[in-house]
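Visitor: Got a sequence here, can you model it:
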Amino acid sequence: MTSTSASRARRARGVLFAGALAALPARAGAQSASDNETARQLLIDGLDLRDAQQLDAALERLNAAHALVHTPVTGLELGRTYLLMGRLVEACDTFREVVRLPEDRETPRTRAARAEAAKLVEEVAPEIPSLRLRISAPPGSAPQVAVDGESVPAAALSVPRKVNPGRHVVIGKAPGHPARRVEVTVGRREEVEVALALGAPPPGPAAPGATAPGAAAPGAAAPPAAPGPGPGPRSSVGPLVLVGFGVAGAGLAVGGVTGVITLSRASSLKEDCVNNHCPPERFDDLDGARLLGTVSTVSFLVAGVGAAAGVAGLFLSRPEPRATGFIVSPFLAPGSLGVRGTF
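Guide: So this is what the prediction gives:
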């Protein structure tokens, strides 16, 4: 909008508002000149802000203007702003208020505003959606229900509640029970049902001689408890077994490796040594072979001691016999030594 057209629009709005003021009833306590001038400026500013799509600021100024002078013109423009914001409930309520305003000193402008408001009521009212609350609460309780923070009287819980299109929060609470919260979104002309279960009724006193479900009758012996799983089989492997067979394994490994190396060096020495006499340059090889042979022999002896200790450990930690389970026991036979298990 150019500056010229904006200026013309502001002048037209000033003339429009002057006609609205002429329709004010002549009564005691009528608006002062200060109220009228302030309302005129608020109306002009509010309409300019609305044209600029600054609806929140426009609503604030138009609401203030209508509160000061309360004319059909200010009410109509306030309702139109609510309508642009999607607040159909407030818009329709404002239009109905305009229609109900006194008709004293009616002018063409106020008469046109009243007629336009009545027309908009017919158009907007069917578009307003509603929520149908289905509240279940313990008998005799007084549930408290709020929609978007507004408390709903108990007498109005059973009828559809008019709301604006969009998202709404329903919170209900019954004494002695936790609050329940439901979020729901409605569109124009929709009626959405919202169910809130606010707790179950408390259990009543049991009749004389009656027992609660699952409870034992008086004097009756409690049923024997189901046997639980028995303890798992105890380990029959003690530290002596682990250490003994570990030493045996290490001794066999060292003895085997050093034995192979000793045999290899002995084979090499046979080529240069005659009748166990070796030339001086092979003395170091001969000493090394003898040392490896000694290490191999000692390793096998250590392996034998470890094996004996492991077997002894198996016998000493032999598990108690059980009806079922896995039992490990050693066995010794000519030329063989080992462990066997039974189930």
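
Visitor: all strands for this protein, in order.
Guide: Assigned by DSSP state E, the chain shows strands spanning 130-136, 144-147, 150-152, 161-162, 166-173, 180-186, 191-197, 327-333, 336-342.

Visitor: CSV please, covering those strands and showing mean neighbour count and mean pLDDT.
Guide: Every residue, glycine included, has its C-beta placed from N, CA and C. Listed next are the strands of the chain as CSV, based on neighbours: other C-beta atoms under 10 Å; pLDDT from 0 to 100:
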stretch, mean neighbour count, mean pLDDT
strand 130-136, 16, 94
strand 144-147, 18, 95
strand 150-152, 13, 95
strand 161-162, 17, 96
strand 166-173, 17, 96
strand 180-186, 14, 95
strand 191-197, 15, 94
strand 327-333, 13, 52
strand 336-342, 10, 53
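
Visitor: Columns distance to Val257 on top of these, output as CSV?
Guide: Below are the strands of the chain laid out as CSV (distance: least, C-beta to C-beta, whole Å):
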stretch, distance to Val257
strand 130-136, 84
strand 144-147, 86
strand 150-152, 91
strand 161-162, 92
strand 166-173, 80
strand 180-186, 77
strand 191-197, 79
strand 327-333, 27
strand 336-342, 22
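
Visitor: which one of these lies closest to Glu106?
Guide: Closest to Glu106 of these, according to C-beta to C-beta: strand 161-162, at 30.5 Å.

Visitor: List the neighbouring strands of the closest one plus their orientation.
Guide: According to DSSP bridges, strand 161-162 forms sheet pairs with strand 130-136 (antiparallel).

Visitor: what's near enough to touch the residue nearest to Val182 when sequence neighbours are not counted?
Guide: Residue nearest to Val182 in three dimensions, not counting chain neighbours: Val170, with 4.7 Å by C-beta to C-beta, 6 or more residues apart in numbering. When contacts are counted by C-beta atoms under 8 Å, 6 or more residues apart in numbering, Val170 touches Leu131, Leu133, Val145, Ala146, Val147, Arg181, Val182, Glu183, Val184, Val194, Leu196.

Visitor: one step back: Glu116 is nearest to which of the strands of the chain?
Guide: Closest among the strands of the chain, once you apply C-beta to C-beta, is strand 161-162, at 22.1 Å.

Visitor: Give me the contacts around the closest one.
Guide: Strand 161-162 is contacted by residues Val89, Ile128, Pro129, Ser130, Leu131, Arg132, Leu133, Val147, Val152 when judged by C-beta under 8 Å, 6+ apart.

Visitor: one more time with 10 Å
Guide: 88-89, 92-93, 125, 128-133, 145, 147, 150, 152, 168, 170, 191, 194 (C-beta atoms under 10 Å, 6 or more residues apart in numbering).
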